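**Q** using only what follows, build the 3D model:
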Amino acid sequence: MEIKKIHLGQLIQLRVEELEIDIQRIEKFFKTSEQAIVQMYTQPSLDTDVLLKWSKLLQYDFFRIYCQHLILFAPFSEQNNKKNQQSQLPVYKKNLYTKELIDFVLTQINTGKKTKSEVIIDYRIPKTTLYKWINKYKKI
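**A** Coordinates of the predicted model:
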C-alpha cells in the first residue's frame, strides 16, 4: 500500500473483496443503491461519516491510514507542542506505529532509499525506536 498517496475507495473495495461481503448487505447497511456504492469505490476520499460507517461495516480502522500518513509526512513541530499552551482538544502522547508503517520505514532503509539518520530526521522517529524495530524485525 502506498502510504503517501491514499485512495480510500480502492482500499475499501479491496477490504470488501477480502471479506467477500455481498453487495446487498452493503446497500442495506448504507440505505443506498449499488450504483452509489460502486461510485464510492472510485472516490479517493470520503466524508468522515461515510468513512466511519465503512470502518464499522468492514471492521477496519480506515482513519489509521491517515494517522500513519501524518506521522510520516506531517510530523508535529516543536512550535505546536508548547507546554504552556492549553487546548480544549485531547493531547496524544504516543505515536501509533502500525506494522505497515514499520515495514515501510525499514524497506526505505534496506533498499538504500534512506539512511537511518535520514529516517530519524525526515519522519521524526526516535533513534531508540528505530533501532528497536531494526533488531526486532531483522530478517534471519
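**Q** check contacts around residue 98.
**A** The neighbours of residue 98, taking CB atoms under 8 Å, 6 or more residues apart in numbering as the test, are 64, 68. Every C-beta, even on glycine, is put in place using the N, C-alpha and C of the backbone.
**Q** what about it, distance to residue 31?
**A** From residue 98 over to residue 31 the distance is 32 Å, taken as CB to CB, to the nearest Å.
**Q** next, the buried residues of the helix or strand of the chain with the lowest mean pLDDT.
**A** None of the helices or strands of the chain scores lower by mean pLDDT, DSSP states H and E than helix 63-73, at a mean of 81. By neighbour count, and taking 16 or more other CB atoms under 10 Å as the criterion, the buried residues in helix 63-73 are 65, 67-68, 71-72.
**Q** ok, stretch 99-106 next?
**A** Of the residues in stretch 99-106, those buried under the neighbour-count criterion (16+ other CB under 10 Å) are 101-102, 104-106.
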